[in-house]
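# Everything below, folded, please.
(chains A, B, C and D)
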Number of protein chains: 2
Amino acid sequence: MGTIAKALQLLTHFSSDLPEIGLSQFVQLTGEDKATLHRRLGELKQSGFLHQDDTSRAYRLGPAISRLEIVKETTFPARRAAMDVLRKLNQQVSETVHVSVIQGNQGLSTLAHIDDPTHGIRVYMDTNELLPFHATASGLSVLAFVDRERADKILKKGLPKYTADTLTNVARVRNLLIDFRREGYSQSNGGFELDVVGLAMPLFDHRDDCAGAIAIAAPSSRMDSQRIEALLPRLQDAASQISAAWKRQ
Amino acid sequence: MGTIAKALQLLTHFSSDLPEIGLSQFVQLTGEDKATLHRRLGELKQSGFLHQDDTSRAYRLGPAISRLEIVKETTFPARRAAMDVLRKLNQQVSETVHVSVIQGNQGLSTLAHIDDPTHGIRVYMDTNELLPFHATASGLSVLAFVDRERADKILKKGLPKYTADTLTNVARVRNLLIDFRREGYSQSNGGFELDVVGLAMPLFDHRDDCAGAIAIAAPSSRMDSQRIEALLPRLQDAASQISAAWKRQ
DNA sequence: TTTAATTGGTTCATTATTTGAACCCGTTGT
DNA sequence: ACAACGGGTTCAAATAATGAACCAATTAAA
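Prediction:
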């Protein structure tokens, strides 16, 4: 790995639960020398990829990122690609659908979603909320298809209980993941919101790493095994299309 | 400038009118050695900041950027900051308002905007449209407050005529810019859309470089000199707040 | 059809940059 | 008073970046 890649890897340490990182903390996180990190961070800062708080001296993601994202989305819209596929999927399945991407090791952030308007009773999505790995179908898909180290790290952080139906036993989750890997999709029954059943499949990166998941969320009353079997091929199509679009990028 | 900053500077060459760049084109753009660029581009690609098209071999902005932008916006929302200020400004002035940022040398891309709902006749904003520098108040503010080299480069590209009132004489634009620098704000009268008067002020970067502009757009019928004088302090407040928020980032 | 120019990509000796142990300084906490 | 911790700096040694020359494959021109 060259100097450039090493520097850029520093940026991956930022996440919603770690939005500011100081020099010493970077030393802890990376195990590299303080002087080295100081210079790398300085260059990232100079280039606008980091901004250093004047008083706390901690680093945050900088404005250059927004500028690039605007260019990227106006030219090769990844979000838009996800959104287009979601629209089709939503028309086919008439349920709330969403695409989420991994945000550090803390959860999934929703990149695009459609709240289905056809049903009176429907699942409501809070776009700004982070989805936990162990309690949502999307999260479980990701856990099943990312590399084992990462999944282990995430599972070690503990499994908070959101509802009476949240899975909180690591061993049980691990067993589920084996099934999910075999079946190619994951399911969650009221683990995050009671009476919501989620159906998800993994989405892959330009380097074939699992980068997120696509999911259908519906009230459990509409999610019997027959319905699920009907939904799966639609979800599979959508997932393939998004992964393909992301690979093209 | 270290290796890291040099590599990251390559990313700034991407813009809406140049979304894909090949190796030779980078050689042309930067004047640096092919081998050097090849390795730098390779590392950016490896880190997900660039993606290389399999067939054309050209480089595009990569998926890592979107991921970082999501983290950034969910933690320190710059767009949101702009939006919050715009809401206040809109309440005060009851006109369409927007914040735009420089996109290469091709124009301004709108980061946030509010279409005022209180008037029957109002200015409609196309969010996806690029605003030309010489024909909009925002663009003129930017031209007035970016470094001279950049302004010259932009003005040399020619001044396309959008309406009967578009300024197409470089010398005249230059004279206007002198006034705008002195006054601290810019004005455009129907240069992009007929009968639309724009009032704009520059916005500054974490490094005090002009990064964009904030503007009020209204039908000329509502924009007499008295009204303008009343609007300017509000615009000034909003501009300071956004620049301050961006500096904090 | 041959030739020249262009594109992406690679090699390797030379060169310049990154690296990190030790050090400095200011703050916090005991 | 002083140890512990934060950010930041120094400079010789180690390492990685550099670029002229070279391939191979297309594309354009003769």
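
# contacts and neighbour counts: CA atoms only from here.
Will do.

# Enumerate the residues of chain A near DNA strand C.
Within chain A, the residues that sit near DNA strand C (C-alpha under 7 Å from any atom of the strand) are A:3, A:6, A:32, A:33, A:34, A:35, A:36, A:37, A:39, A:40.

# tally of neighbours for the residue nearest to residue A:245 when sequence neighbours are not counted?
The spatially closest residue to residue A:245, leaving aside those adjacent along the chain, is residue A:81, at 6.8 Å (C-alpha to C-alpha, 6 or more residues apart in numbering or on different chains). If you count neighbours by other C-alpha atoms under 10 Å in any protein chain shown, residue A:81 ends up with 17.

# Thought residue A:243 was touching residue A:81, still the case?
No. Under the criterion of C-alpha atoms under 8 Å, residue A:81 is not in contact with residue A:243, lying 9.9 Å apart.

# how near is the residue located most distally from the centre of chain A to residue A:29?
The C-alpha centroid of chain A is most remote from residue A:35, which lies 33.0 Å away (C-alpha atoms, centre = their mean). For residue A:35, the distance to residue A:29 (C-alpha to C-alpha, to the nearest Å) stands at 15 Å.

# ok, now residue A:159?
Residue A:159 is 23 Å from residue A:29, by C-alpha to C-alpha.

# Compare neighbour counts for the two and give me the winner.
Counted by other C-alpha under 10 Å, residue A:159 and residue A:29 do not tie: residue A:159 has more neighbours, with 18 against 12.

# before we move on, back to that, among the residues of chain A next to DNA strand C, name the buried ones.
Neighbour counting with 16 or more other C-alpha atoms under 10 Å in any protein chain shown marks A:34, A:37, A:40 as buried within the residues of chain A next to DNA strand C.

# Let me know the closest of these to DNA strand D.
Closest approach between these and DNA strand D, by C-alpha to the nearest atom of the strand: residue A:34, at 5.6 Å.

# out of everything not next to it in sequence, what's closest to that closest one?
Once flanking residues are discounted, residue A:34 sits nearest to residue A:27: 6.0 Å by C-alpha to C-alpha, 6+ apart.

# which ones are touching residue A:72?
Neighbouring residues of residue A:72 by C-alpha atoms under 8 Å, 6 or more residues apart in numbering or on different chains: B:16, B:19, B:61, B:62.

# Most neighbours among these, which one?
residue B:61 (28 neighbours).

# Hmm, that one is touching residue B:47, no?
No. Counting by C-alpha under 8 Å, residue B:61 sits too far from residue B:47 to count as a contact (11.1 Å).

# In chain A, what residue spans correspond to strands?
A:50-52, A:59-61, A:96-103, A:107-114, A:186-189, A:196-204, A:210-219 (DSSP state E).

# Run a quick neighbour tally on residue A:73.
If we define neighbours as other C-alpha under 10 Å, then residue A:73 has 16 of them.

# per-residue pLDDT, it?
What the model reports as pLDDT for residue A:73 is 85.

# Then the one 10 residues further on?
In the predicted model, residue A:83 carries a pLDDT score of 89.

# again, but for residue A:207
Looking at residue A:207, its pLDDT stands at 67.

# Quick check: residue A:92 vs residue A:106, distance?
32 Å.

# Which one of those two is surrounded by more residues?
residue A:106 (17 against 12).

# returning to what we had before: of the contacts of residue A:72, which are in range of chain A?
B:16, B:19, B:61, B:62 (C-alpha under 8 Å from any C-alpha of the partner chain).

# Lowest pLDDT pick from these?
residue B:16 (77).

# on that earlier part again, measure the residue farthest from the centre of chain A to residue A:19 for me?
For residue A:35 relative to residue A:19 (C-alpha to C-alpha), the value is 22 Å.

# sorry, back to before: the ones next to chain A among the contacts of residue A:72: which ones sit near DNA strand D?
Counting by C-alpha under 7 Å from any atom of the strand, no member of these is near DNA strand D.

# between these, which is nearest residue A:223?
residue B:62 (37.1 Å; C-alpha to C-alpha).

# which residues does the closest one contact?
Contacts of residue B:62 (C-alpha under 8 Å, 6+ apart): A:72, A:249, B:45, B:48, B:49, B:50, B:51.

# what's the single longest helix in chain A?
helix A:225-248 (DSSP state H).

# okay, that one in PDB with CA atoms only?
In PDB, the C-alpha atoms belonging to helix A:225-248 read as follows (Å, rounded to 0.1, in the frame of the first residue of the first chain):
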ATOM      1  CA  SER A 225     -44.300 -17.600   3.700                       C
ATOM      2  CA  GLN A 226     -46.300 -17.700   0.400                       C
ATOM      3  CA  ARG A 227     -45.900 -13.900   0.000                       C
ATOM      4  CA  ILE A 228     -42.200 -14.100   0.900                       C
ATOM      5  CA  GLU A 229     -41.600 -16.700  -1.900                       C
ATOM      6  CA  ALA A 230     -43.400 -14.400  -4.300                       C
ATOM      7  CA  LEU A 231     -41.300 -11.400  -3.200                       C
ATOM      8  CA  LEU A 232     -37.900 -13.000  -3.300                       C
ATOM      9  CA  PRO A 233     -37.400 -13.100  -7.100                       C
ATOM     10  CA  ARG A 234     -38.300  -9.400  -7.300                       C
ATOM     11  CA  LEU A 235     -35.900  -8.500  -4.600                       C
ATOM     12  CA  GLN A 236     -33.200 -10.600  -6.300                       C
ATOM     13  CA  ASP A 237     -33.700  -8.800  -9.600                       C
ATOM     14  CA  ALA A 238     -33.500  -5.400  -7.900                       C
ATOM     15  CA  ALA A 239     -30.400  -6.400  -5.900                       C
ATOM     16  CA  SER A 240     -28.600  -7.600  -9.000                       C
ATOM     17  CA  GLN A 241     -29.500  -4.400 -10.900                       C
ATOM     18  CA  ILE A 242     -28.200  -2.100  -8.200                       C
ATOM     19  CA  SER A 243     -25.000  -4.100  -7.700                       C
ATOM     20  CA  ALA A 244     -24.500  -4.100 -11.500                       C
ATOM     21  CA  ALA A 245     -25.000  -0.300 -11.600                       C
ATOM     22  CA  TRP A 246     -22.600   0.200  -8.700                       C
ATOM     23  CA  LYS A 247     -20.000  -2.000 -10.500                       C
ATOM     24  CA  ARG A 248     -20.400   0.200 -13.600                       C
END
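
# between it and strand A:96-103, how big is the angle?
Taking axes from the mean of the first three to the mean of the last three C-alpha atoms, to 10 degrees, one finds helix A:225-248 and strand A:96-103 inclined to each other by 50 degrees.

# now for helix A:225-248, which elements pack on it?
Packing partners of helix A:225-248 (3 or more C-alpha pairs under 8 Å, 6 or more residues apart in numbering or on different chains; DSSP states H and E): helix A:78-93, strand A:196-204, strand A:210-219.

# related to what we said a few turns ago, tell me which two in the contacts of residue A:72 are the farthest apart.
The widest separation within those (C-alpha to C-alpha) is 14.5 Å, between B:16 and B:62.

# Could you measure from residue A:40 over to residue B:11?
17 Å.

# same thing with residue A:163?
For residue A:163, the distance to residue B:11 - C-alpha to C-alpha - is 45 Å.

# Look at the two and report which has more neighbours.
residue B:11 (19 against 14).

# quick one: residue A:137 and residue A:218 touch, right?
No. Using C-alpha under 8 Å as the test, residue A:137 is too far from residue A:218 to be in contact (11.5 Å).

# could the strands of chain A be laid out in CSV, adding distance to residue B:110?
As requested, the strands of chain A are arranged in CSV below (distance: least, C-alpha to C-alpha, whole Å):
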stretch, distance to residue B:110
strand A:50-52, 22
strand A:59-61, 21
strand A:96-103, 25
strand A:107-114, 20
strand A:186-189, 39
strand A:196-204, 30
strand A:210-219, 28
